[in-house]
Every structure is written in C-alpha cells, then in structure tokens.
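Enquirer: after the sequence you'll find the predicted model.
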Amino acid sequence: MVFTRAAAMAFASSAALAVVLASSLAVADGTTDSDGDGVPDDLEAATQRTVAVSAAGDGFNVSSHLGTAPEEDQFDLSYHAGTFDVWYSQTGGIASSYELEVLNLIAWKDGNANGRIDPGEIVRTIALGPSAFSEVRVVASNRTDVDGGRVFQFLVPSRDTNVTLNVTVGQRFERIDNIVLTPMEARLDIGVNPAVVPPGAILGLVFRMDTRERVTLEDHSWDEENHFAPDEREINVTASGLGRSSTVFFSWSNTALADGSPIPVALMNAPTQPSPYDLTLTYAFGSPAPSTQVLQHATLGVRSTVYEIRRSAPGPGPQGDFILYVATFAGATAFVAMTIVLANRRRSRKP
C-alpha cells in the first residue's frame, strides 16, 4: 500500500484527534495500592507518564514522556503492517532504538531429535510482516483504570486471522494476568492458530530485529529481576557515548499458553553481528495438540533513567502541563509523519 500526500495528511489529522494525554492526579497515600497491582500509589503517581497515542489504517503511534528538565526521557513506539519501531532518549543522553518485524510462522520436524532446526526440517512457512498485516486496520481502544491511569490497547488480526497482535500500553502500572505491565513498556501478546501446524510438527515464530546499537542476550529480563514478571529472557539494545548510555529491550516469556495450558518456549538462534537478526521461538505441542490458540507474551520497552531516579525517592506525581501537552502533541504528530515517510522510502526501495 502506498500512502498519498492526502492520506498522510489524514493520518496526521487522525493523530491530532486521537491524542490522549495524562490528567493531573492528587498525590496518593503511600500506604495504599488502589488498583491491587502490588505497586504503592505514591510510586505510581511519581512515575506516571504523559502518553499521546494515534491510530489510523494499519498503523499506530505511542509517545510516552516522563519528567521535566533537566531530568526527563521519551519513549516512542510505532507500528506499521507487522513491524514495530522502539525509540528511547533521555535529556543530555543519546538515543537507542530497534526495529522488530513479526516475520514468519514456520512448522518443522526435528527428525534427528537434536533440538535444532537443521536444513530440510522446515515443512511449512507462512509469511507474516506486510504480507499478513498490510492494510489490516488497527482496532484501538482505551480505558481508565481504578487508580485513574489510562490504558491503551491496539488489536491487529492477520489477513487470514491465524495470527493476532494485541498491544497494551499504560500511563501507570497495570496488572495483567501474572505480570505487572510498567509504564515504560508495551505488552505484546501474539495469538497463533495451532491448526497451521501439520500433525507431528513443531511451531516456530520468527522475528527479525534490526538496529545499529550493541545487542546482548540476557537469561533474565529486567521485569523478572524486578518481580514484575516471571521466567523471561531478554535482548538488550544499548547505545553508548560520552560516558552515558541508553537501553531499549525486547523480552519474552519462557512459557506460552496452549489452549490455556503452559508449554515451554525455546529460543533457537541467539543474535549475532551484524544486524539484522532472525530470532525464532519454538513450541513443541506434545499430545494432544492444542486446538484453539497458542499465546506468546512479549514486551517492548526501555530502561527509563527518570523512573530509576524517582523510584529511589518518589515525590508528587506529575501535574497537567499545557506546554508539555502542546510539545507532546507536536512531537507525536511529527513522529507519525516521519513514520509514513520512512515507510514509503522502504517500499520504494523494494523491487
């Protein structure tokens, strides 16, 4: 799909209409946890982010800000036709970023039982990315949690409805099932119809990550280490310079749900230089095979410097600020426009 100038203007206009920003909240009593997420209300108030969102067609944008000069940072997440872009920067620091495409579904049979995908063992490949998600409309919604924080959700089914992407972003901490979603990240739930896998085969979900920064694979995620999520692995993307650094990450649960029952998740290939990297998560169904859905939980997020500062000494939560409102609005609209331009450039380079 090619965006015309009129379409781009319509997208930017929709961004203006869809922008939702944080309202000011009274400072909560530090002994209370009004939404039951395990995080004290005073810490939630001190680390509540200002969030602007927009959605139109097969794309959406989230811009999340915390703090005031000299201690502030910005987290941007954009999505278009099966690909996510994550960007983070802090005042006086440098920016880190990555692009993550939900690339393919594969089915493979481990003929020699060595636990690896060897040549000739892949029996089926289903292309995702633009092939599955281009021109599929994003369904956006939002709600207000019991503690006053806004929660935004974006739902995207594939063309054949065999894969569904469900993205959740919040201003404050939000308990979802057995994890606590922090305001510095987006939860990505990927649902797959197991009927795409032939009998006796193993499901594989392939991602492609592209970045110019340094990449490391961690056996435990930041969320796991901070008791926000259990049993996760993580890929960190870190930019460094002038004695400072910034980090964005992609993490995933080591357990998926097959028809609601837990099954193990294995990583087949670790990232290697140079970028891009293909990352394959695999799921052995066992017997009987699931019939309705395999659900993988993943997270796209940032290591927020301002959050760490405020966590050490939480103070009053952020107040409504007209200047910040205007600045965030302008930044979100510009970011949407730049996303369209970059997407058109990528498409124009393809044969």
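Expert: Everything's here; your move. Residues are numbered from 1 along each chain as shown.
Enquirer: separation between residue 188 and residue 155?
Expert: Separation of residue 188 from residue 155 (C-beta to C-beta, to the nearest Å) stands at 12 Å. For the C-beta atoms, the positions are set from N, CA and C on the backbone; glycine is no exception.
Enquirer: the two: which is more packed in?
Expert: Using other C-beta atoms under 10 Å, the more surrounded residue of residue 188 and residue 155 is residue 188, with 23 against 15.
Enquirer: excluding chain neighbours, what is closest to that one?
Expert: Excluding its sequence neighbours, the residue lying closest to residue 188 (C-beta to C-beta, 6 or more residues apart in numbering) is residue 298, at 4.5 Å.
Enquirer: so what pLDDT did residue 319 get?
Expert: For residue 319, the pLDDT comes out at 40.
Enquirer: sorry, wrong one. I was asking about residue 69.
Expert: With respect to pLDDT, residue 69 scores 79.
Enquirer: residue contacts, it?
Expert: residue 91 (C-beta atoms under 8 Å, 6 or more residues apart in numbering).
Enquirer: from residue 149, how far off is it?
Expert: Distance from residue 69 to residue 149, by C-beta to C-beta: 24 Å.
Enquirer: so what's residue 83 closest to, chain neighbours aside?
Expert: residue 101 (4.4 Å).
Enquirer: residues contacting the one you found?
Expert: If you count contacts by C-beta under 8 Å, 6+ apart, residue 101 has them with 82, 83, 84, 128, 129, 207, 208, 209, 210.
Enquirer: give the buried subset of those residues as a ChimeraX selection command.
Expert: Filtering the contacts of residue 101 down to the buried ones (16 or more other C-beta atoms under 10 Å) takes a single ChimeraX command:
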select :82,83,84,128,129,207,208,209
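Enquirer: which ones among the contacts of residue 101 lie within helices?
Expert: The members of the contacts of residue 101 that map onto helices under DSSP state H are residue 129.
Enquirer: just the contacts of residue 101 now: which is nearest residue 278?
Expert: Set against residue 278, the nearest of those by C-beta to C-beta is residue 208 (5.4 Å).
Enquirer: would you map the strands across the stretch 201-350 of the chain?
Expert: Taking DSSP state E, counting those that start in this stretch as the test, the strands found in the stretch 201-350 of the chain are 202-210, 214-218, 232-241, 244-253, 255-258, 261-264, 266-267, 277-283, 294-302.
Enquirer: would you mark the buried spots in stretch 190-203?
Expert: Neighbour-count burial for stretch 190-203, counted by 16+ other C-beta under 10 Å, picks out 190, 191, 192, 193, 194, 196, 197, 201, 202, 203.
Enquirer: whoops, I mixed them up, stretch 168-188
Expert: Judged by neighbour count (16+ other C-beta under 10 Å), stretch 168-188 contains these buried residues: 168-174, 179-188.
Enquirer: alpha carbons of that stretch, as CSV, please.
Expert: Provided in CSV are the C-alpha atoms of stretch 168-188 (Å, rounded to 0.1, in the frame of the first residue of the first chain):
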residue,chain,number,x,y,z
THR,A,168,-1.2,-2.8,25.6
VAL,A,169,0.4,0.4,27.0
GLY,A,170,-0.4,2.2,30.2
GLN,A,171,0.4,5.5,31.9
ARG,A,172,0.8,3.7,35.2
PHE,A,173,1.5,0.2,36.4
GLU,A,174,-1.2,-2.3,35.3
ARG,A,175,-1.6,-5.9,36.5
ILE,A,176,-2.4,-8.3,33.6
ASP,A,177,-2.7,-11.9,34.4
ASN,A,178,0.5,-12.9,36.2
ILE,A,179,2.6,-9.9,35.2
VAL,A,180,2.6,-6.2,36.1
LEU,A,181,3.0,-4.0,33.0
THR,A,182,5.2,-1.0,33.8
PRO,A,183,4.6,2.4,32.2
MET,A,184,8.0,2.2,30.4
GLU,A,185,6.9,-0.6,28.1
ALA,A,186,4.3,-2.1,25.8
ARG,A,187,2.9,-5.6,26.3
LEU,A,188,2.7,-7.6,23.1
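Enquirer: mind giving me the packing neighbours of the helix or strand harbouring residue 142?
Expert: In the assignment (DSSP states H and E), residue 142 maps to strand 139-144. Identification of packing neighbours for strand 139-144 by 3 or more C-beta pairs under 8 Å, 6 or more residues apart in numbering; DSSP states H and E yields strand 50-56, strand 150-157.
Enquirer: kindly calculate the angle that that strand makes with strand 50-56.
Expert: On the basis of axes from the mean of the first three to the mean of the last three C-alpha atoms, to 10 degrees, strand 139-144 is oriented at 150 degrees to strand 50-56.
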